[in-house]
Every structure is written in structure tokens, then in C-alpha cells.
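[1] Let's see this in three dimensions:
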Amino acid sequence: MSSTTLRAPNPIPWPWLDRARRFCWLRTSVLVAALSPGLVLLALLAAGELGAEPWKAATREAGTHAMRLLLVSLAVTPLRYMADWPKAVTLRRMLGLVALGYALLHLVLYTGHMAWNLAEVASEIVLRFYLTLGFGVLLGLAVLGWTSTDGWQRRLGRRWKRLHKGVYVLAALGIFHAFLQAKSRADSAVVLAGIFLWLMGWRLLPGWARALGLALAGLAVVAALGAAGLEWGWYAATTNLPAARILAANLDPGAGLRPAHGVLAAGLVVAALTALRRRFA
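    Sure, this is the predicted structure:
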């Protein structure tokens, strides 16, 4: 038997190490920043400072953190192009796995909210569509997390990339789950949807426009309009709230901040920073 056959695969490094097994301040800082909200959430839960229904509140927050981290992982590729920062791609896998961790925490906290009655949890997942949808997204993320290693990438070959492009579908379904869970208070879900629209829109831009400030500013406007439209559609279809007035508020600066305004502001900041980097590079 050849020595190649006997050679064991290289172990997966700890998340704070780079591929050369050296301590990496960048990876460590990103990992700490990603995990900190979860640690604070658990501390607040243990201290009983999450209101009258602490487990329910913690469950919702963990799910929101999962979606935020999932979108951050999708933002790594745009960041790599706009900042001309190849090292950014080394963070994508870690961020995706942390998002999976938050999704698992979301399920655990929901089980705690249900007094750890596993039979009732299973029944609710089967009978309630928004829970069925959320559980399906969790399973999908688990599959992507399990197959995210270099070994699985070699085994699957070209199929690996096709499989992992499913993260876009999972992100969209996760945001839909957030809308269903939010019901008549969908501000957070609208922001997530607007950011997702920006991320998908960026991927549709031609290569020459992906780091062009003017193109990114236009994309910010499109994403904000899409978020406003989704907000209107959601309230019109699922609530008795005056959806038309809510839509009009997005165009009236005196009506207060709306989720679409946050999407627009974030997109314009990204466009301005990208333009400045190109100007003074």
C-alpha cells in the first residue's frame, strides 16, 4: 500500500487559525464579533431580563441573528470586489457556520419556550407552516454546513458549487419565515429583505460595475424601492393596516424613518466608501 493511501487528511484548523495553522487576528476578531450577540442574549435570558416571555423573545432574537450572519456571509464576495480584499473570502465559511449555529440555537430556545416538550415541538413544526418552513431552512443550512469542508468540496467536484448556491434559496426562505413570524411588526424582516435584494442585485451587475460607486448608488435606490414594495405588499396581503399610507411614508421624509430608508442609507454608504477607495487607491 502506498504512503499516499496511508496519509491522513489534514485536520480542520480552529476558526481562529489560518490555513497555515497560525493565529489570525482577523479571523479571531470576526469570530468574537459574530458570537458576541449570542453570548449577550444568553446572559440576558439567564438574568431574566427579556420581558414577560423571555424564551420567546430569545428565540426570535436568535433567529434574527442567524439571518443577519447568513446575509453577512453572502456579503463577503461583494466586499472582496469592492474593497479589492482577497482575504475576505477566507471568512465566508466561518460566517456561514456561525449562522448555522444561531439557527440551531433558535430551535433550542424554541424548545425551551415549549417547556422542553419534544413531542409538542415536533407537532408544532408539522402543523404550523411557518415553523415547517423554518425547520426546512435549518435542515438546508445543516447540509451546507456539513459539506462545507475541503474534503467534501473535492468529493463533490462541480456539484459542490451547485449545491452551495442553494444558500440563496435558503436565505430567501429564511426571510419569508421572518415575515411570517413577525406578522404585523415586520420592520426587521423588511430590512433583511432589502439587504438580500441588494446582495442579489449586485450579483446581477456586469463585472465592470461591481465596484463602481455610481452603479452601487443606483443599486441602493433599487433595493430600497424593492424593500418598500415588499413592505407594502406584506401589510396589504396579511393585515388590516393602511398599507398605502405605509408605502407613502417611505416617500415622505417627515413621516419618520422606515425600513427602506435604512436599506437606502446603508447602500449609499457602501457606494460612497467604494468610490472613495477607488479615488484614493
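[2] these two touch, right, F23 and L17?
    Yes - taking contacts as Cβ atoms under 8 Å, F23 lies within contact range of L17: 6.3 Å. For every residue, glycine as well, the C-beta is placed using N, CA and C.
[3] Looking at those two, which is more packed in?
    Using other Cβ atoms under 10 Å, the more surrounded residue of F23 and L17 is L17, with 14 against 10.
[4] quick one: contacts for the more buried one?
    23-24, 27 (Cβ atoms under 8 Å, 6 or more residues apart in numbering).
[5] Of the residues you listed, which is the nearest to L95?
    Using Cβ to Cβ, R27 is the member of the contacts of L17 that lies nearest L95, at 10.3 Å.
[6] The closest one in helix, strand or coil?
    helix (DSSP: H, G, I helix; E, B strand; the rest coil).
[7] Does P15 touch M94 like I think?
    Yes - at 5.1 Å, P15 and M94 qualify as touching, with contact defined as Cβ under 8 Å.
[8] shared neighbours of these two, which are they?
    Common contact partners of P15 and M94 (Cβ under 8 Å, 6+ apart): 27, 31.
[9] Just give me the neighbour total for the residue lying closest to D18 once chain neighbours are set aside.
    Excluding the flanking residues, the one nearest D18 by Cβ to Cβ, 6 or more residues apart in numbering is C24, at 4.4 Å. As a burial measure, C24 scores 21 neighbours (other Cβ under 10 Å).
[10] hang on, isn't C24 packed against W14?
    No - the pair C24 / W14 is not scored as a contact, 9.9 Å apart, by Cβ under 8 Å.
[11] need the helices for the protein, in chain order.
    Ranges of helices within the chain are 3-6, 25-46, 54-74, 76-82, 92-113, 118-127, 129-146, 150-156, 158-164, 166-182, 187-204, 213-238, 243-249, 259-280, based on DSSP state H.
[12] got the ones you listed as CSV, with mean pLDDT and mean neighbour count columns?
    Putting the helices of the chain into CSV (pLDDT from 0 to 100; neighbours: other Cβ atoms under 10 Å) gives the following:
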stretch, mean pLDDT, mean neighbour count
helix 3-6, 39, 6
helix 25-46, 94, 15
helix 54-74, 95, 22
helix 76-82, 92, 18
helix 92-113, 95, 20
helix 118-127, 95, 13
helix 129-146, 95, 17
helix 150-156, 89, 12
helix 158-164, 91, 12
helix 166-182, 94, 19
helix 187-204, 96, 21
helix 213-238, 94, 19
helix 243-249, 85, 15
helix 259-280, 92, 17
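[13] List the contacts of the spatially closest residue to E53 that is not a sequence neighbour.
    Excluding its sequence neighbours, the residue lying closest to E53 (Cβ to Cβ, 6+ apart) is H113, at 7.5 Å. Counting by Cβ under 8 Å, 6+ apart, H113 touches 53, 55-56, 58-59.
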